[in-house]
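Peer 1: Need a 3D model of the following:
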Amino acid sequence: MIEQAFLEAEFLEAADSLFANFRNKDEIVSAIKSMQLSANTVMRRVELQGRDKELAEMISDIKAFIKKLEFWEQNLINSDSKHFPILSEKISQNPLEPYDNKYHVEIISSLKSNFKNRFKDFNEMALVAQFVVSPFMEIDIQQFAACVMQNFGEDIAATEMEVIEFQNDLALKSLVSSTECIWPIVSKEKYSVLCRVALKVKAIFSSTYLCESSFSNMKFIKNKYRNRLTDEHLDNCIRMAASNYTANIKKIIDESECQPSH
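Peer 2: Prediction:
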């Protein structure tokens, strides 16, 4: 079938209506979860998860996937199944049986609608996230300021003036090509509104990766052999496990004051 994993979530929600075809609901859920993931689905999961995913990247991935769904939907309407090899194979194996695209078109259409609905809040943040990544791009300043006010509560007039001054700051423009992220070197006094907005956008958790990995690490750390673990020690252990920072143990030891034995 087309994009089996795409159907997994839909089937799980509709498990009760499928009850008649199985002996019990557990059997339905087991059958659904045993479906083999397609290449498209695996790639989508990789794109939407992972460490250090920022909001702008997540919005880009989501918008791209919605565009793919729209493209696939139109392909299926035209009975073009080249993006679905399993479906193409089944059609070619039954040349005398006409292909009815209605069912598959409805699936893709439903998935597209659900995706748009679940991530509709991201559309409201897209312009701000894009500005934080590329602050010197041409934007509708009034629309941007309104978006900032709606999502972060900043004054519209102050935001508009800062954007104009910022985008015409020659000193900052000269530093864009030499730094990966310009915001750490932007004056917080001169561009207080934009710096606050950039910090909030950078701090947004765009995926659940860090949360999920932290819970996994905590479960591993709090085992039966560490029943005297304090909350402070647990917090430190989770921070170390979740961070990609590697401590220089040798330097720490060299700088520490050794206590002679008595």
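Peer 1: ranges for the helices of the chain?
Peer 2: 4-13, 25-33, 39-48, 55-77, 85-93, 102-118, 120-133, 141-152, 156-167, 170-173, 192-203, 209-221, 231-242, 249-255 (DSSP state H).
Peer 1: got TSV for those helices, with mean pLDDT and distance to residue 183 too?
Peer 2: Using the backbone N, CA and C atoms, a C-beta is placed for each residue, glycine as well. Shown next, in TSV, are those (pLDDT from 0 to 100; distance: least, Cβ to Cβ, whole Å):
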stretch	mean pLDDT	distance to residue 183
helix 4-13	51	37
helix 25-33	51	43
helix 39-48	52	25
helix 55-77	87	13
helix 85-93	83	44
helix 102-118	87	29
helix 120-133	86	7
helix 141-152	93	15
helix 156-167	95	11
helix 170-173	90	10
helix 192-203	91	5
helix 209-221	80	21
helix 231-242	85	23
helix 249-255	82	29
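Peer 1: Could you export these as a markdown table, including distance to residue 184?
Peer 2: Conversion of these to a markdown table gives the following (distance: least, Cβ to Cβ, whole Å):
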| stretch | distance to residue 184 |
| --- | --- |
| helix 4-13 | 40 |
| helix 25-33 | 44 |
| helix 39-48 | 27 |
| helix 55-77 | 17 |
| helix 85-93 | 47 |
| helix 102-118 | 33 |
| helix 120-133 | 13 |
| helix 141-152 | 19 |
| helix 156-167 | 15 |
| helix 170-173 | 12 |
| helix 192-203 | 10 |
| helix 209-221 | 21 |
| helix 231-242 | 22 |
| helix 249-255 | 24 |
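Peer 1: and of those, who's closest to residue 185?
Peer 2: helix 170-173 (8.0 Å; Cβ to Cβ).
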